[in-house]
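Student: build me a model:
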Amino acid sequence: MGEEPHLTFDLDKPGTSKGHLIVPKGADCEALSLPVFSLNKGEGSRLLITGGCHGDELEGPIVARRLIEWLPLTHCGRAIVVPVLNPPAVQAGSRNTPVDGFNLNRVFPGRADGSVTERVADAISRLLLPMAETVFDLHSFGPKWDFPRKKSFTTTVPPPSN
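Tutor: Numbering: from 1, shown residues only. Next up is the predicted model:
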């Protein structure tokens, strides 16, 4: 086996840090570099927040990036944020990874010697999941989701009683 997945920075460093999770290249594509944000305020909860598992769900990466700005002001403990888990799918705007056609959400824990999607899942499973006690994987409907429309809700407020 070739290169191992690795982080370009120390998650244990106190305070805020930024770096990348490197997913090794394979036969199907070059290495991927996933941006990672870390907040380490010592004791407390250990969160992993991810977005962009499906490339057609853009709300996850947007919310994850906003959390990067908000968490240092409010969170105690450790938070790791990966705004985009699946860069090839996000770049293509597709639910599945266009290189191999796999749904990242369905291949965990992944394989180090697998396709690009499996290698991403393997890197997350080996390096980031063990550091968290709670995982928020941000998803949304995506542009093709068809759901029944409900009639608008209206509330009638009774007049104040005298």
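Student: what about the helices in the chain?
Tutor: 59-74, 87-92, 116-123 (DSSP state H).
Student: check contacts around the spatially most central residue of the chain.
Tutor: Centroid-nearest residue in the chain, with Cα atoms, centre = their mean: Thr50, separated by 1.9 Å. Residues near Thr50 by Cβ atoms under 8 Å, 6 or more residues apart in numbering: 60, 64, 81-83, 85, 124, 135-138. Heads up, the C-betas are built off the backbone N, CA and C, glycines and all.
Student: by neighbour count, which of these wins?
Tutor: Leu85 (30 neighbours; other Cβ atoms under 10 Å).
Student: ok, now which ones touch that residue?
Tutor: Applying Cβ under 8 Å, 6+ apart, we find Leu85 in contact with 34, 50-53, 104, 120, 124.
Student: repeat that for Gly19.
Tutor: Applying Cβ under 8 Å, 6+ apart to Gly19 gives the contacts 7-9, 35-36, 38.
Student: contacts for the worst-scoring helix or strand of the chain on mean pLDDT, please.
Tutor: In the chain, no helix or strand scores lower on mean pLDDT, DSSP states H and E than helix 59-74, which sits at a mean of 88. With Cβ under 8 Å, 6+ apart as the test, helix 59-74 has contacts from 16, 37, 39, 49-53, 79, 81-84, 90, 137-140.
Student: tell me the buried residues in that helix?
Tutor: Going by neighbour count (16 or more other Cβ atoms under 10 Å), the buried part of helix 59-74 is 60-61, 63-64, 67-68, 71.
Student: for stretch 40-54, buried residues please.
Tutor: 40, 46-54.
Student: among those residues, name the ones in strands.
Tutor: Among these, DSSP state E puts 40, 46-50 in strands.
Student: could you dump those residues into TSV and include distance to Cys29 and pLDDT?
Tutor: Shown next, in TSV, are those (distance: Cβ to Cβ, whole Å; pLDDT from 0 to 100):
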residue	distance to Cys29	pLDDT
Asn40	32	92
Arg46	31	92
Leu47	30	94
Leu48	24	96
Ile49	25	96
Thr50	20	97
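Student: distance to Ile22 for these - can I get that in TSV?
Tutor: Output for those, formatted as TSV (distance: Cβ to Cβ, whole Å):
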residue	distance to Ile22
Asn40	20
Arg46	22
Leu47	22
Leu48	17
Ile49	20
Thr50	16
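Student: quick check, nearest of these to Val116?
Tutor: Ranked by distance to Val116 (Cβ to Cβ), those are led by Thr50 at 16.8 Å.
Student: for the closest one, which residues make a bridge with it?
Tutor: Val82, Asp137 (DSSP bridges).
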